[in-house]
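Student: this one's structure only:
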């Protein structure tokens, strides 16, 4: 009798188009993988979304931190997860683009284009250059003139090597015809301290890390690297506006699922994300507290952006000859 009832239940589920995996979602929590420690910007974003997605999806949403290797540990965990709509990853473009380009598959153990299914882009944020007040410049053109007059200080600080701030600085140097040497720091905290103290003449950081320094009055943000001004820093002109031909774009963060996750589940999560990002309280928190620009884009748009940036940055990184420590 038990087997007969079980068979009829499974047959009914099949007829109604309900798979056991999708049915299980009504009870099991959804997991958001984050490749960084608690407290950082990616973790903050994930926890905000987890709280709001719960109400939209009708399921508990939890954040699971897997810090290390620039986000590669979380990416590998996502690849090895079941494609059942219960596991997703929130990651910055640094993980999806730069980690993919810098490390062979034998090290990263995943392919960003084939092992993951894009869900949606969530936020974007500009990268900008700030200079110490000790060098006495107010804009990009004055900075270029200053480093040409002081070639020994033709350098910039960055929170580690191998990321978008590093290679944006290299591209800036090419655009102005002056090699710029990257000075790596163990995070933006020590870099900001040296910038404020004048130990380093210039630094390239994300908006959230650079705006507090400008408010001190001891540093000047002289340009952003995107093609247009950012709503997060509307008073800061782009380098393009100032006659310097560079547009390396904003940094961004998105959500991915394991490859072969059912399209219905991807669409369900994408719709929920769009609704959450439209909430006034979420919009306000992201801009005014996290210094991130809510920037929802569909799975197709995210896929195109990801491929575009891999194509753009690949030759640039290769031309530098830079090889990261494994």
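Tutor: Everything's here; your move. Keep in mind it's a predicted model, so treat the numbers as computed, not measured. Residues are numbered from 1 along each chain as shown.
Student: please list all residues in contact with the spatially most central residue of the chain.
Tutor: For the chain, residue 92 is the residue whose C-alpha lies nearest the centre (Cα atoms, centre = their mean; 2.1 Å). Going by Cβ atoms under 8 Å, 6 or more residues apart in numbering, residue 92 touches 41, 42, 71, 251, 252, 253. Just so you know, the C-beta spots here come from the backbone N, C-alpha and C atoms, and that holds for glycine as well.
Student: again with residue 114
Tutor: By Cβ under 8 Å, 6+ apart, the neighbours of residue 114 are residue 259.
Student: residue 144 too?
Tutor: So residue 144 contacts 176, 178, 244 (Cβ under 8 Å, 6+ apart).
Student: could you dump the residues you listed to TSV with secondary structure, distance to residue 50 and neighbour count?
Tutor: Listed next are those as TSV, based on DSSP: H, G, I helix; E, B strand; the rest coil; distance: Cβ to Cβ, whole Å; neighbours: other Cβ atoms under 10 Å:
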residue	secondary structure	distance to residue 50	neighbour count
176	helix	43	22
178	coil	45	13
244	coil	40	18
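Student: sorry, back to before: quick check: the residue nearest to the centre of the chain vs residue 231, distance?
Tutor: 19 Å (Cβ to Cβ, to the nearest Å).
Student: re the thing from before, now, which of the contacts of residue 92 lie within strands?
Tutor: 251, 252, 253 (DSSP state E).
Student: grab the nearest non-local neighbour of the second one.
Tutor: Distances taken as Cβ to Cβ, 6 or more residues apart in numbering put residue 124 closest to residue 252, at 4.2 Å, once the chain neighbours are dropped.
Student: does that neighbour touch residue 293 like I think?
Tutor: Yes - if you go by Cβ atoms under 8 Å, residue 124 and residue 293 touch, sitting 5.0 Å apart.
Student: so the two - more neighbours on which side?
Tutor: In this view residue 124 and residue 293 are compared by other Cβ atoms under 10 Å, and residue 124 has more residues nearby, 22 against 18.
Student: mind checking the SS state of the more buried one?
Tutor: Secondary structure, DSSP: H, G, I helix; E, B strand; the rest coil: residue 124 is strand.
Student: for it, give me the pLDDT.
Tutor: What the model reports as pLDDT for residue 124 is 94.
Student: can you start the count at 47 instead of 1 from here on
Tutor: Shifting the count to begin at 47 puts that one at residue 170.
Student: return the distance of it relative to residue 347.
Tutor: 12 Å.
Student: domains of the protein?
Tutor: With domains defined by automatic domain parsing, the chain comprises 60-171+297-366, 173-270.
Student: the bottom helix or strand of the chain by mean pLDDT?
Tutor: helix 48-61 (a mean of 41; mean pLDDT, DSSP states H and E).
Student: tell me the mean pLDDT for the stretch of helix or strand residue 175 belongs to?
Tutor: If you go by DSSP states H and E, residue 175 is part of strand 173-178. In this model, strand 173-178 has a mean pLDDT of 94.
Student: need the next SSE after it, C-terminal direction.
Tutor: helix 186-195.
Student: chain center to that next one: distance?
Tutor: What separates the centre of helix 186-195 from the centre of its chain is 30 Å, taken as Cα atoms, centre = their mean, to the nearest Å.
Student: list the buried residues of it.
Tutor: Neighbour-count burial for helix 186-195, with 16 or more other Cβ atoms under 10 Å as criterion, is recorded at 186, 187, 189, 190, 192, 193.
Student: retrieve the pLDDT associated with the last one.
Tutor: pLDDT for residue 193: 95.
Student: contacts only, for it.
Tutor: 199, 200, 224, 226, 247.
Student: quickly check those for the two that are furthest apart.
Tutor: Greatest spatial distance among the contacts of residue 193 (Cβ to Cβ): 224 and 247, at 12.9 Å.
Student: residue 150: how many residues sit nearby?
Tutor: Residue 150 has 8 nearby residues by other Cβ under 10 Å.
Student: next one: residue 77
Tutor: Should you count by other Cβ under 10 Å, residue 77 turns out to have 18 residues around it.
Student: what of residue 322?
Tutor: By the criterion of other Cβ under 10 Å, residue 322 has 23 neighbours.
Student: in contact with it, which residues are there?
Tutor: 95, 98, 99, 102, 328.
Student: just say helix, strand or coil for the second one.
Tutor: Following three-state DSSP, we place residue 98 in the helix state.
Student: residues touching it, list them.
Tutor: Contacts of residue 98 by Cβ under 8 Å, 6+ apart are 322, 325, 328.
Student: rerun that using 6 Å as the cut-off
Tutor: Shown in contact with residue 98 (Cβ atoms under 6 Å, 6 or more residues apart in numbering): residue 322.
Student: how far away is it from residue 329?
Tutor: Counting by Cβ to Cβ - residue 98 and residue 329 are separated by 11 Å.
Student: hmm, residue 220 and residue 290 touching each other?
Tutor: No - applying Cβ atoms under 6 Å, one finds residue 290 not in contact with residue 220, separated by 10.5 Å.
Student: just give me the neighbour total for residue 148.
Tutor: Residue 148 has 20 nearby residues by other Cβ under 10 Å.
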